[in-house]
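Colleague: Fold the following for me, if possible:
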Amino acid sequence: MPVERILAIGGGGFMMEEGPSPVDEYLLRLASRDRPRICFLPTASGDEHEIINKFYAAFPSSRCEPSHLAFFRNPAPGAVPLAGFEDHLLSCDIVFVGGGNTKSALAVWRGWGLDVVLKKALASGVVLSGMSAGAMCWFQQGLTDSFWGAEYRPLPCLGFLAGGCGVHYSSDAKRRPTLHAAIEATAILPSIAIDDYAAVLYSGGKLSKVVSWREGSTAYDVFLKDGSVVEQAHQAQTLK
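Modeller: Got it, this is the predicted structure:
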């Protein structure tokens with residue numbers, strides 16, 4: 001049976017960095033072919049044109065077979081017809097979810113039945129991946145600002161991976177204390193917290209590797225033990 005793999009990126013890659021990013025290249029290497037078929041889901045950003053253009057700049061046709069699935073925009077070059085998105089996604093090697101509003105993206109996906117298709121894709125061996133909202137969405141819960149309030153709140157997500165997820169962990173001063181408070185109040189499940197310029201790879205539902213491409217960036221297990229919040233850093237493999 002195919003191995004179910006998910007790459008969750010805390011922050012970075014083509015959506016945040018100027019120029020090529022090591023994590024974009026790493027993602028392509030996870031596929032089993034020289035020119036992987038990769039489809040971008042920019043739903044969380046409202047299918048913003050600038051973000052879609054950045055995707056095609058980072059993943060040119062010389063290195064892969066790029067496409068995107070847009071629910072809010074009229075068809076454009078590379079866009080997948082909505083009537084055929086299930087067959088297309090199941091034929092891909094990689095699906096990448098962009099950052100933005102996690103809550104809104106999940107609502108759109110469920111309305112279109114994309115959540116069911118993504119689960120089929122994972123089971124069939126398609127690598128699921130994403131940054132920020134595109135990292136949290138795969139877990140049971142994510143700590144998100146998608147409610148557009150002053151605070152971060154737990155959000156039920158797709159549940160393909162057990163536990164909770166926090167992103168931009170060390171770069172946003174509010175993320176760590178908010179996650180710790182949520183864990184202490186049992187408002188969110190034990191979580192993986194991922195720094196910017198770090199990513200976690202799951203194989204068969206279990207964390208198999210942490211990678212980073214900036215010194216000091218990594219991921220952390222955050223959980224409650226004997227009534228206190230514990231944070232354990234993972235050893236990260238450096239991407240170059």
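Colleague: hey, where'd the helices end up in this structure?
Modeller: 22-29, 49-58, 85-90, 102-112, 114-123, 133-136, 175-184 (DSSP state H).
Colleague: Kindly reformat those as JSON lines and extend each row with distance to Ile192.
Modeller: Quick note: C-beta positions are derived from backbone N, CA and C, even for glycine. Below are those laid out as JSON lines (distance: least, CB to CB, whole Å):
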{"stretch": "helix 22-29", "distance to Ile192": "16"}
{"stretch": "helix 49-58", "distance to Ile192": "25"}
{"stretch": "helix 85-90", "distance to Ile192": "25"}
{"stretch": "helix 102-112", "distance to Ile192": "15"}
{"stretch": "helix 114-123", "distance to Ile192": "17"}
{"stretch": "helix 133-136", "distance to Ile192": "9"}
{"stretch": "helix 175-184", "distance to Ile192": "10"}
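Colleague: Mean neighbour count, these: which tops it?
Modeller: helix 133-136 (a mean of 30; mean count of other CB atoms under 10 Å).
Colleague: coming back round to it: now tell me which of the helices of the chain the model trusts least on average.
Modeller: Note on the helices of the chain: helix 175-184 shows the lowest mean pLDDT, a mean of 92.
Colleague: Return the list of helices and strands in contact with that one.
Modeller: Helix 175-184 is packed against strand 139-144, strand 191-194, strand 219-225, strand 228-233, with contacts defined by 3 or more CB pairs under 8 Å, 6 or more residues apart in numbering; DSSP states H and E.
Colleague: what lines up beside the longest one in the sheet?
Modeller: Sheet neighbours of strand 219-225, with direction, are listed as strand 191-194 (antiparallel), strand 228-233 (antiparallel) (DSSP bridges).
Colleague: List the neighbours of stretch 106-117 that are in contact with it.
Modeller: Residues outside stretch 106-117 that contact it (CB atoms under 8 Å, 6 or more residues apart in numbering): 41, 43, 71, 82, 85-86, 89-90, 118, 137, 155, 157-158.
Colleague: repeat for stretch 30-40
Modeller: Here stretch 30-40 has contacts from 5, 7, 27-28, 52, 55, 59, 63-69, 80, 88-89, 91-96, 98, 127, 129, 201, using CB under 8 Å, 6+ apart.
Colleague: could you point out where the protein is predicted with low confidence?
Modeller: Low-confidence segments of the chain (pLDDT under 70): 75, 146-150.
Colleague: again, only using 50
Modeller: Judged against pLDDT under 50, the chain has no low-scoring part.
Colleague: follow-up on the earlier one: same list, the strands paired with strand 219-225, but as JSON lines with mean neighbour count and distance to Leu106 please.
Modeller: Listed next are these as JSON lines, based on neighbours: other CB atoms under 10 Å; distance: least, CB to CB, whole Å:
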{"stretch": "strand 191-194", "mean neighbour count": "28", "distance to Leu106": "18"}
{"stretch": "strand 228-233", "mean neighbour count": "13", "distance to Leu106": "27"}
